[in-house]
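**Q** got a sequence here, can you model it:
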Amino acid sequence: MRLTILGGSSPFTTNMFTEGRAARFLGGFRHITLYGRDRRSLELVRGRIIPEVGRATLAVTTDLAEALCGADVVLVQLRYGGLALRRLIEETCYSHGLFADESLGVGGLATALCVQGAWRGLGNRLHHDCPAALTVNMINPLSLSSQLLQDSGARTIGLCEGPLTTARQLAAHLCGPEETFDWDCAGLNHRAFVYDIRLGGRPLPFAALADLPLPRACGVADPQSGALISKEMAQARSPADWTYGRAETVARMRAGALKGLAAPTEGGAAPEAAAEAAAGARRPTPWYDDAVLPLLAAWSGWSDPFDTTINHPVEGLFLESRFCIGKTSLTPRHRASARATQPRAIAETVAALVQHERAVLACLELAWQQRDPASGGPPSDAVFVALTDAMASALAADPLIPEAQKPVALVALREIIARYRDMEQRPAQGATTACGIPG
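**A** Residues are numbered from 1 along each chain as shown. This next block holds a predicted model:
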């Protein structure tokens, strides 16, 4: 099989290969291609991982058509708009007292409106250059980007480690050596519930979940639903947990990791370079170990089947639920008992989230129809006026934005789009070009 990694110039891509991961998980791929926009970064990543790939051939390219040609699996970890867009969302939401996240609320809608042209363009290229390939998408907001990739002809699943990592942490805290552990998942990405948790076939009472010392990266016990909700949904509900400045933190870690890759490996790197490299390398990348690598191993037939959660198409939306990944196969793992006993609070919240998702997709479609064909970028001022009702409807339908904040959310949305449109005139700042490929 042939694996292509879009966004392979990120220094964190090395975490897919180092410490024996390539041998354990990627042995089913005989050719691996890294695609990125920066040739120097690609070569630095290649130099670090080439000792790890064994018999596989490893190529790097800045040509998207070359990267996609003949691919069997395409892992998409591109960040259209770059960290500059994420930083802009954080700054604007902070100034208006809004929750800041690139996948939820105002930030999720703003991201999609700004870069949907890039997603659609990529979907078209995937459909044209490797129509039979499985596209494993990791672009945030995941459900929206996966839907537009799929609508453009790419054979797409969305992948996030959150629910599975949460379930594994639960099992580690609760299970004895011989006990069976089972659970179900419902919702959309970053807005999912882990529920119907069973030990030895018996339902686990909510009281047993409430005081568990789960890591911050895992789900949070939610008394409203009697289940675990994603950390992102918990943060959106709790202003005390809102955090800003994540874009700056990731940018510093990325710069340090790249500097470390560029530092001499023989005779010892300069102390400051070594320190920056260590700081970058310490960025946790659980999505690789918990989700991406086991899925790739199972899909390629290199390992046994893998039970996980994926985001998959259901009636025009990408929903998050359990699947078993086998060699070139995806099998649903829904339990009828879990669906039959789904708490009312979960069913009602998921229904509200679905209604919101449909409103956002309708807004995106209208924006796409109204766009300047020569651009494909964020809406112009004239288009924004035409979209006002659709955007207001999408924000009004969002159950994660408090009612009192919805008027200011529309103001913040317009500000983000206007400022990003200005940024797009300067591709070197990290925005996308009009054709939808990173500049």
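**Q** give me the neighbour count for the closest residue to residue 322 other than its chain neighbours.
**A** Spatial nearest neighbour of residue 322, chain neighbours left out: residue 333 (3.9 Å); criterion: CB to CB, 6 or more residues apart in numbering. Every residue, glycine included, has its C-beta placed from N, CA and C. By the criterion of other CB atoms under 10 Å, residue 333 has 14 neighbours.
**Q** what's the answer for residue 40, then?
**A** 12.
**Q** residue 369 now?
**A** 9.
**Q** and what of residue 425?
**A** 9.
**Q** now do the contacts for it.
**A** The contact partners of residue 425, by CB atoms under 8 Å, 6 or more residues apart in numbering, come to none.
**Q** what's the answer for residue 398, then?
**A** Each residue near residue 398 by CB under 8 Å, 6+ apart is listed here: 105, 356, 406.
**Q** ok, of the residues you listed, which come out buried?
**A** Those of those that meet the buried threshold are 105, 356, by 16 or more other CB atoms under 10 Å.
**Q** ok so residue 193 is a strand residue?
**A** Yes. The assignment for residue 193 by DSSP: H, G, I helix; E, B strand; the rest coil puts it in a strand.
**Q** shift numbering so it begins at 864
**A** I'll keep to 864 as the first residue from here, and by that count the last item is residue 1056.
**Q** name the nearest residue to it, sequence neighbours excluded.
**A** residue 1090 (4.5 Å).
**Q** beta partners of the one you found?
**A** For residue 1090, the beta-bridge partners are residue 1085 (DSSP bridges).
**Q** tally of neighbours for it?
**A** 28.
**Q** tally of neighbours for residue 1236?
**A** 5.
**Q** swap that for residue 1244, please
**A** Each residue near residue 1244 was counted by other CB under 10 Å, and the total is 10.
**Q** tell me the pLDDT of it.
**A** In the predicted model, residue 1244 carries a pLDDT score of 79.
**Q** and residue 1079, backbone torsions?
**A** phi -60, psi -30 (degrees, to the nearest 10).
**Q** could you count how many residues lie near it?
**A** With other CB under 10 Å as criterion, residue 1079 counts 9.
**Q** for it, what are its contacts?
**A** residue 1094.
**Q** how close does it get to residue 1162?
**A** Separation of residue 1079 from residue 1162 (CB to CB, to the nearest Å): 30 Å.
**Q** and for residue 1015?
**A** When residue 1015 is compared with residue 1162 (using CB to CB), they lie 22 Å apart.
**Q** check residue 1170 too.
**A** 13 Å.
**Q** now residue 1230
**A** On the measure of CB to CB, residue 1230 and residue 1162 end up 34 Å apart.
**Q** which of these two has more residues huddled nearby?
**A** Per other CB under 10 Å, whichever of residue 1230 and residue 1162 has more neighbours is residue 1162, with 26 against 22.
**Q** the more buried one touches residue 1173, doesn't it?
**A** No. Residue 1162 lies out of contact with residue 1173 (CB atoms under 8 Å); the separation is 11.0 Å.
**Q** find residues that contact each of those two.
**A** residue 1188.
**Q** just checking, residue 989 touches residue 1014?
**A** No. Counting by CB under 8 Å, residue 989 does not reach residue 1014; the two are 11.8 Å apart.
**Q** okay, these two: which has more neighbours?
**A** residue 989 (27 against 16).
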